[in-house]
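Enquirer: From the sequence below, what's the structure:
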Amino acid sequence: MRVLHIITGLGVGGAEQQLRLLLPHLPADCEVVTLTNPGAVAEGLRADGVRVVDLGMRGNRDLAALPRLVRIIRAGRYDLVHTHLYRACVYGRPAARLAGVRAVVATEHSLGGTQLEGRRLTAGVRALYLAGERLGRATVAVSPAVAGRLRAWGVANARIAVVPNGIDLARFRFDAAARDRARRQLGLPPDAYVVGGIGRLAAGKRFDIAVRALARLPADCRLLLVGGGPEEDALRRLAQEAGVADRVLLTGERPYVPDGTPGPDLPSLVCAMDVLVSPSPEETFGLAVVEALACGLPVRYASCPALDGLTAPGALRVTGGTEAFVRALTEARAAPPGPRTAPDAAHRYDIARSAGRLMDVYTAAVTGRPLPAPASSAASPTPQGVSSA
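Expert: Residues are numbered from 1 along each chain as shown. Below is the predicted model:
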């Protein structure tokens, strides 16, 4: 099966790195078109042997991109087109149909309750999304929570498949040597208690809560934020105002796999942490939480659909703002360290399992058969919560 993946950009982001991780596990001949920004993930894909084409799109309203995309799809003689992220879905679905490809699949990576990839969910955004959705055969939700939001929008249940994000469990396995090396490279004291945060530095992630909480924690605590985004300068100013600028370290975006970029990669940075904090109240999956669990880290999170209905030792939901996270982190610090091993909940999200389920969706889309039913979830209690007063 020949598959073309169309994605909005290939900078270092969750959906982009998920695509790179997925492709080696798909038993299909895959190529990639990026509408814009052929960044570090594009370089990584090419190093993996994947053909990547940069469409060179100049903005959201660059309508000349549509006929160029149609020509690429026709020339490639693809059996299926798979789109990722909002702009790629808006342009990729009609381009595929114009090129004669009827098997079109889209993955919805970032549909929250009030935002879509950082866009406010206006009536216009929703209408354009739904108009394009009807041109495909399947929309993949990365969690049951996202599937529920799609159904609430009016997407037919028969057109929705749930394929969770996957992680490379072996890559995130705890490595004491990688931990020591990463701490040395970052200038972190060996005995520091490191609170970590992973994700886009945007307002919705609420990393300001982590900075404010740090100011209330003992002086040997450090905050390690991994990611880039529009709130980076604001977080630096907040750290300065809170008197913890010397205890906050922002690494910028880090690759999922080693690619020659100076400094530690993402799994090594997770090894360097002692607890992961995820204050965002509106996640579509919670990939950073699952990656941390795979490394045996305790996690304190506001939202993680990946853990709904699952028991994950060390994973506690926190309801509230700074005060609640101060208490949660203080308790985590006081608790004796546990084994740095992955719980069963993390093993559910092995990338090979996600790839196999996605291939079932591809087969259904190409043959016109019904989409596979969602995998049954364990009937176990949800993770214990910590609430604000």
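
Enquirer: Return the distance of stretch 70-89 from the chain's centre.
Expert: Relative to its chain's centre, stretch 70-89 lies at 22 Å (Cα atoms, centre = their mean, to the nearest Å).

Enquirer: Over to stretch 86-96?
Expert: Counting by Cα atoms, centre = their mean, stretch 86-96 comes out at 20 Å from the chain centroid.

Enquirer: who touches it?
Expert: 6-8, 35, 57, 60, 65-66, 69-70, 73, 81, 83, 104, 106, 116-117, 119, 125, 128-129, 132-133, 135-136 (Cβ atoms under 8 Å, 6 or more residues apart in numbering). Yep, even glycine has a C-beta here, placed from its N, CA and C like the rest.

Enquirer: Helices of the stretch 201-350 of the chain, residue ranges please.
Expert: In the stretch 201-350 of the chain, the helices defined using DSSP state H, counting those that start in this stretch lie at 207-214, 232-241, 266-272, 287-294, 322-334, 344-347.

Enquirer: what about the strands in the stretch 51-200 of the chain?
Expert: Ranges of strands in the stretch 51-200 of the chain, per DSSP state E, counting those that start in this stretch, are 52-54, 80-84, 104-108, 115-116, 119-120, 138-141, 160-162, 193-198.

Enquirer: now the ones you listed in CSV, with mean neighbour count and distance to Glu331?
Expert: Formatted as CSV, the strands of the stretch 51-200 of the chain follow (neighbours: other Cβ atoms under 10 Å; distance: least, Cβ to Cβ, whole Å):
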stretch, mean neighbour count, distance to Glu331
strand 52-54, 17, 46
strand 80-84, 28, 38
strand 104-108, 26, 35
strand 115-116, 18, 31
strand 119-120, 10, 36
strand 138-141, 25, 34
strand 160-162, 22, 33
strand 193-198, 23, 13
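
Enquirer: Could you give the average pLDDT over stretch 248-259?
Expert: Here stretch 248-259 scores 84 as its mean pLDDT.

Enquirer: Please write out the alpha-carbon positions of that stretch in CSV.
Expert: Provided in CSV are the C-alpha atoms of stretch 248-259 (Å, rounded to 0.1, in the frame of the first residue of the first chain):
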residue,chain,number,x,y,z
VAL,A,248,14.3,27.5,36.1
LEU,A,249,15.9,26.0,33.0
LEU,A,250,14.2,26.2,29.6
THR,A,251,15.8,23.8,27.1
GLY,A,252,13.8,24.8,24.0
GLU,A,253,12.4,22.1,21.7
ARG,A,254,14.3,18.9,21.9
PRO,A,255,14.4,16.0,19.4
TYR,A,256,12.7,12.6,20.3
VAL,A,257,15.7,10.7,18.8
PRO,A,258,19.3,11.8,18.7
ASP,A,259,19.9,13.9,15.5
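
Enquirer: helices and strands of the protein: which one has the lowest mean pLDDT?
Expert: Every helix and strand in the chain was compared by mean pLDDT, DSSP states H and E; the lowest is strand 385-387, with a mean of 50.

Enquirer: So, low pLDDT: which residues of the protein?
Expert: For the chain, applying pLDDT under 70 flags the ranges 112-119, 258-260, 374-389.

Enquirer: And it, what are its domain boundaries?
Expert: The chain breaks down by automatic domain parsing into domains covering 2-166+350-367, 176-345.

Enquirer: Same list (the strands of the stretch 51-200 of the chain) but as TSV, adding distance to Arg93.
Expert: Shown next, in TSV, are these (distance: least, Cβ to Cβ, whole Å):
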stretch	distance to Arg93
strand 52-54	18
strand 80-84	6
strand 104-108	5
strand 115-116	15
strand 119-120	18
strand 138-141	10
strand 160-162	15
strand 193-198	31
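
Enquirer: I'd like to know which of those strands is closest to Asp344.
Expert: Each of these was scored for nearness to Asp344 using Cβ to Cβ, and the closest is strand 160-162 (19.1 Å).

Enquirer: Show me what the closest one is packed against.
Expert: Judged by 3 or more Cβ pairs under 8 Å, 6 or more residues apart in numbering; DSSP states H and E, strand 160-162 is in contact with strand 138-141, helix 144-153, helix 351-367.

Enquirer: who does the first one pair up with?
Expert: Strand pairing for strand 138-141, using DSSP bridges, gives strand 104-108 (parallel), strand 160-162 (parallel).

Enquirer: Residues in contact with it: which ones?
Expert: Under the contact criterion Cβ under 8 Å, 6+ apart, strand 138-141 has outside partners 104-108, 111, 133, 147, 150, 155, 159-163, 358, 361, 364-365, 371.

Enquirer: Extract the C-alpha trace of it and format it as PDB.
Expert: C-alpha atoms of strand 138-141 as PDB (Å, rounded to 0.1, in the frame of the first residue of the first chain):
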ATOM      1  CA  ALA A 138     -12.200   8.200   8.400                       C
ATOM      2  CA  THR A 139     -11.200  10.500  11.100                       C
ATOM      3  CA  VAL A 140      -8.800   9.100  13.700                       C
ATOM      4  CA  ALA A 141      -9.100  10.400  17.300                       C
END
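
Enquirer: and that strand, how far out from the chain's middle?
Expert: With Cα atoms, centre = their mean, you get 16 Å for strand 138-141.

Enquirer: same thing with stretch 162-172?
Expert: 10 Å.

Enquirer: Please apply the same query to stretch 128-141.
Expert: Mean-position distance between stretch 128-141 and its chain equals 20 Å (Cα atoms, centre = their mean).

Enquirer: same question, stretch 186-193
Expert: So, by Cα atoms, centre = their mean, the centroid of stretch 186-193 is 27 Å from its chain's centroid.

Enquirer: And stretch 363-376, by the same measure?
Expert: Centroid displacement of stretch 363-376 relative to its chain, using Cα atoms, centre = their mean, is 24 Å.

Enquirer: got a list of contacts for it?
Expert: Stretch 363-376 is contacted from outside by 1, 79-80, 103-105, 137-138, 144, 147, 158-162, 357, 360-361, using Cβ under 8 Å, 6+ apart.
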